[in-house]
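>>> requesting a structural model of the entry that follows:
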Amino acid sequence: MGINTQLDNILRDPIFTSHLTLMRSSSNGLFHPLVDIMIDRFCSQILPQIHHNIKWLNLESLSMERVLLASDYPNLCGLGLYQINYDATLRLF
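Numbering: from 1, shown residues only. As a prediction, this is how the structure comes out:
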């Protein structure tokens with residue numbers, strides 16, 4: 001079984017895709033976006049395939065709009081937003 005087949009199987013397993021954290025955290029407690037190429041791949045290829053499995057998303061402010069607009073999340077019941085500023089909060093809610 002090739003590495004791509006194994007990764008595809010993992011991506012389709014709800015155990016691994018129900019709770020996603022799409023950001024990095026540093027030792028000083030700050031949260032940072034994933035690099036653009038990773039976010040691009042998640043938004044264009046991965047999220048559209050697994051969107052129905054996702055129940056919880058943890059996102060930081062710089063990539064949250066891209067991720068939220070990448071697909072519909074019919075089973076999403078929780079959303080963690082990190083490093084979000086006041087203006088973005090007002091715009092979203």
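>>> do a quick rundown of the helices in the protein.
3-11, 14-17, 36-41, 47-50, 64-69, 86-92 (DSSP state H).
>>> TSV for these, including mean pLDDT, mean neighbour count and distance to residue 78?
Glycine gets a C-beta too; all of them are placed from N, C-alpha and C. Shown next, in TSV, are those (pLDDT from 0 to 100; neighbours: other Cβ atoms under 10 Å; distance: least, Cβ to Cβ, whole Å):
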stretch	mean pLDDT	mean neighbour count	distance to residue 78
helix 3-11	70	10	20
helix 14-17	80	13	14
helix 36-41	93	13	20
helix 47-50	92	17	16
helix 64-69	93	17	13
helix 86-92	78	10	15
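>>> got the phi and psi for the spatially most central residue of the chain?
By Cα atoms, centre = their mean, the chain has its centre lying nearest to residue 22, at 4.1 Å. Main-chain dihedrals, residue 22, degrees, to the nearest 10: phi -110, psi 60.
>>> I figured it was touching residue 66, is that so?
No. Here residue 22 does not reach residue 66: they are 9.6 Å apart, not a contact under Cβ atoms under 8 Å.
>>> any common contacting residues for those two?
Here residue 22 and residue 66 have residue 39 as joint contacts, going by Cβ atoms under 8 Å, 6 or more residues apart in numbering.
>>> thinking again about what came up before, which stretch among the helices of the chain comes nearest residue 77?
Among the helices of the chain, helix 14-17 comes nearest to residue 77, with 13.7 Å by Cβ to Cβ.
>>> what's in contact with that closest one?
Helix 14-17 is touched from outside by 10, 11, 50, 53, 54, with contacts defined as Cβ under 8 Å, 6+ apart.
>>> just give the number of residues close to the nearest residue to residue 55 once chain neighbours are set aside.
With Cβ to Cβ, 6 or more residues apart in numbering as the criterion, residue 55 has its nearest non-adjacent residue at 4.6 Å, and that residue is residue 18. Under the neighbour criterion other Cβ atoms under 10 Å, residue 18 is assigned a count of 14.
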